[in-house]
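S.K.: whatever this is, show me its structure:
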Amino acid sequence: MKSKILMVYPKLGFSAAFVMHAPLGLLYASIEIVNNGIEVQIIDTRLFPDSWQHELKKALNEDVLAVGIGVMSGRPIESAVEIGRF
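M.R.: As a prediction, the model looks like this:
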């Protein structure tokens, strides 16, 4: 039975070169899912700038029920689209 939700945080724009905050939006979105007994895995592509595809491929398995992509407006949309197409 599929029992895991995969959340992916895309690369950000220029400001990410100076500050890297936790992906709070994905953490907040995951609270109720976890409270209902479903495992959530978060992949922050900023931590794997050259190998996020490999990390995502490893995480995508038969247990994954759904994939969520957190994104804000601006340049991160390009990264989110790339993730979605992957």
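S.K.: okay, now the closest residue in space to H54 that isn't next to it in sequence: neighbour count?
M.R.: Nearest non-adjacent residue to H54, counting by C-beta to C-beta, 6 or more residues apart in numbering: F48, 7.5 Å away. The way it works is simple: take the backbone N, C-alpha and C, and place the C-beta from them, glycine included. Neighbour count for F48, taken as other C-beta atoms under 10 Å: 14.
S.K.: need the residues that contact the lowest-mean-pLDDT helix or strand in the chain.
M.R.: One helix or strand of the chain scores below all others by mean pLDDT, DSSP states H and E: helix 76-85, with a mean of 80. Here helix 76-85 makes contact (C-beta atoms under 8 Å, 6 or more residues apart in numbering) with 8, 10-13, 45, 52, 56, 69, 71.
S.K.: just to revisit the earlier point, doesn't A59 make contact with the residue nearest to H54?
M.R.: No - contact criterion C-beta atoms under 8 Å: F48 and A59 do not qualify, at 11.2 Å.
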